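J.: sharing a model that was predicted from the sequence below.
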Amino acid sequence: MELSIREIGYGDASINKKMKEYVNQFHSIIADIECWNFANLEKKKQIIKSLLNTSNGDDLGIYFDQFSVKLKNNTLNYYIKSVIKPK
């Protein structure tokens, strides 16, 4: 990341500031995702909207909510049975 920031043209002092902003943003994303399983659908939509910086995250919020339910209801063998043949 530091090299990418340098290629854009930022100097040494600006790089530290930008890296601090990126780390803070990363930690806020982690904090939002950590409470994903306990959040209601509206909160999940807000999380998606803030992550993507868009006003339309409703469809993705519903998709990820349904996907997480599907993952919980199926075993790992359900997803890999066509990849790994049982002996």
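T.: Perfect, thanks for sending it. Residues are numbered from 1 along each chain as shown.
J.: what about Lys44, how many neighbours?
T.: Using other Cβ atoms under 10 Å, the number of residues around Lys44 comes to 22. Just so you know, the C-beta spots here come from the backbone N, C-alpha and C atoms, and that holds for glycine as well.
J.: list the buried residues in the host helix or strand of it.
T.: Taking DSSP states H and E as the definition, one finds Lys44 inside helix 41-52. Across helix 41-52, burial judged by 16 or more other Cβ atoms under 10 Å covers 44-45, 47-49.
J.: same check, this time on stretch 55-71
T.: 57, 60-61, 64-65.
J.: going by distance to Ile30, which of these wins?
T.: Comparing the buried residues of stretch 55-71 against Ile30 with Cβ to Cβ picks out Phe64 as the nearest, at 16.0 Å.
J.: just the mean pLDDT for the helix holding Lys44, thanks.
T.: Mean pLDDT, helix 41-52: 82.
J.: stretch 23-37 too?
T.: Averaged over stretch 23-37, pLDDT sits at 85.
J.: list the contacts of it.
T.: 43-44, 47, 50-51, 68 (Cβ atoms under 8 Å, 6 or more residues apart in numbering).
J.: redo that, cut-off 6 Å
T.: The contact list for stretch 23-37 (Cβ atoms under 6 Å, 6 or more residues apart in numbering) reads Ile47.
J.: may I see the buried residues of that stretch?
T.: Asp32.
J.: all helices for this protein, in order.
T.: 2-8, 12-34, 41-52, 58-73, 76-80 (DSSP state H).
J.: list the contacts for Ile15?
T.: If you count contacts by Cβ under 6 Å, 6+ apart, Ile15 has them with Ile5.
J.: can you pull the pLDDT of it?
T.: Per-residue confidence (pLDDT) for Ile15: 82.
J.: do you know how far it is from Asp59?
T.: 37 Å (Cβ to Cβ, to the nearest Å).
J.: tell me, how many residues neighbour Gly9?
T.: Applying other Cβ under 10 Å, we find 7 residues neighbouring Gly9.
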